[in-house]
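Enquirer: Provide a 3D model corresponding to the input given below.
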Amino acid sequence: MVQKKVSMKPVEKESLYIKISDSIYEYIRMNGLQAGDKLPSEREMAAVLQTSRNSVREALRILEDRGLIFIKSGSGIFIKEPSIENSTLSVSLGKCSLEDIQELQTTLDHQAVMNAIIRGSEKLKQELITIACEMVKLHQENIYSHILDHSFHSKLYECGKNDAIHQLIIKIREDRFVRRNNSDLENDSVWLVTIPDHMMLANAIWENDSAAALKAIDRINDYGFNLKPEE
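Expert: As a prediction, this is how the structure comes out:
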């Protein structure tokens with residue numbers, strides 16, 4: 001059975017560049033695009049999103065800055081290979097219940113948080129706080145960004161300096177992202193409630209407060225898993 005390709009959706013004008021970058025991010029994840037795959041051109045994306053090429057270009061700059069794409073002059077826009085090294089090890093999680101996945105993610109996230117506190121440099125911890133501040137700023141405008149959320153957790157795992165945890169938990173989060181976005185019963189605004197906990201987590205890691213950091217990551221994950229059943 002051929003999977004139906006998911007298209008990009010037109011976006012509203014408020015905080016346009018953030019919403020365009022999120023729409024492109026959703027397109028990438030929902031269509032399972034991998035490193036090296038080519039995105040539509042600026043002109044094509046502008047037409048589908050019903051916006052200007054300048055706005056699309058600004059959104060692409062955000063995605064490029066976050067390390068998700070690269071733009072090759074004269075050739076196009078491509079999905080970027082993750083900076084972490086590839087491994088011959090491949091893991092497939094079949095016949096796992098939501099409870100199994102939640103337990104695995106909680107275990108990995110707890111270790112990632114503790115690693116970030118112990119191993120993270122001041123520079124990386126400050127970058128985590130900076131991303132959290134960006135999320136809070138948008139939160140004040142009642143705007144949630146998948147890109148910033150993805151960037152926050154990627155920076156958290158980068159702080160922890162364990163590539164195995166980084167790769168595995170990102171795959172878990174991406175799988176859950178696709179499952180949720182396949183639902184017609186949910187919209188991005190439901191995630192706004194988690195933004196203060198992201199800020200709490202970043203500050204706790206900066207302050208080496210493991211109890212507060214673990215509490216914050218648990219609140220973020222528990223909210224996501226308990227929001228509604230995933231099919």
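
Enquirer: Which secondary structure element is home to the residue sitting nearest the centre point of the chain?
Expert: By CA atoms, centre = their mean, the chain has its centre lying nearest to H150, at 1.9 Å. Applying DSSP states H and E as the criterion places H150 in helix 146-160.

Enquirer: Show me what that helix packs onto, helices and strands only.
Expert: Counting contacts by 3 or more CB pairs under 8 Å, 6 or more residues apart in numbering; DSSP states H and E, helix 146-160 packs against helix 16-30, helix 98-119, helix 122-139, helix 163-181, helix 195-206. All C-beta atoms are positioned from the backbone trio N, CA, C, and that covers glycine.

Enquirer: Domain map for this structure?
Expert: The chain resolves into domains spanning 16-79, 98-226 when parsed by automatic domain parsing.

Enquirer: Can you lay out those domains as JSON lines showing mean pLDDT?
Expert: Rendered in JSON lines, the data for these read as follows (pLDDT from 0 to 100):
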{"stretch": "domain 16-79", "mean pLDDT": "88"}
{"stretch": "domain 98-226", "mean pLDDT": "90"}
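
Enquirer: nearest to S75, of the helices and strands packed on helix 146-160?
Expert: Nearest to S75, of all the helices and strands packed on helix 146-160, is helix 16-30, at 17.7 Å by CB to CB.

Enquirer: Helix or strand next in line after that closest one, which one?
Expert: Using DSSP H and E, the helix or strand that follows helix 16-30 in sequence is helix 42-49.

Enquirer: Packing partners of the helix or strand that that following helix is followed by?
Expert: Going down the chain from helix 42-49, the next helix or strand is helix 53-65, by DSSP H and E. If you count contacts as 3+ CB pairs under 8 Å, 6+ apart, helix 53-65 packs onto helix 16-30, helix 42-49, strand 69-72.

Enquirer: and the longest one, what does it pack onto?
Expert: Spelled out, that is helix 16-30. Counting contacts by 3+ CB pairs under 8 Å, 6+ apart, helix 16-30 is packed against helix 42-49, helix 53-65, helix 146-160, helix 163-181.

Enquirer: mind listing what's buried in the first one?
Expert: Yep, that's helix 42-49 we're talking about. Under the neighbour-count criterion of 16 or more other CB atoms under 10 Å, helix 42-49 has E42, M45, A46, V48, L49 buried.

Enquirer: Same list (those residues) but as JSON lines, adding distance to Y223.
Expert: Listed next are these as JSON lines, based on distance: CB to CB, whole Å:
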{"residue": "E42", "distance to Y223": "36"}
{"residue": "M45", "distance to Y223": "32"}
{"residue": "A46", "distance to Y223": "35"}
{"residue": "V48", "distance to Y223": "32"}
{"residue": "L49", "distance to Y223": "30"}
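
Enquirer: residues in contact with the closest residue to K161 other than its chain neighbours?
Expert: Spatial nearest neighbour of K161, chain neighbours left out: R119 (4.7 Å); criterion: CB to CB, 6 or more residues apart in numbering. With contact set as CB atoms under 8 Å, 6 or more residues apart in numbering, R119 has these partners: C159, G160, K161.
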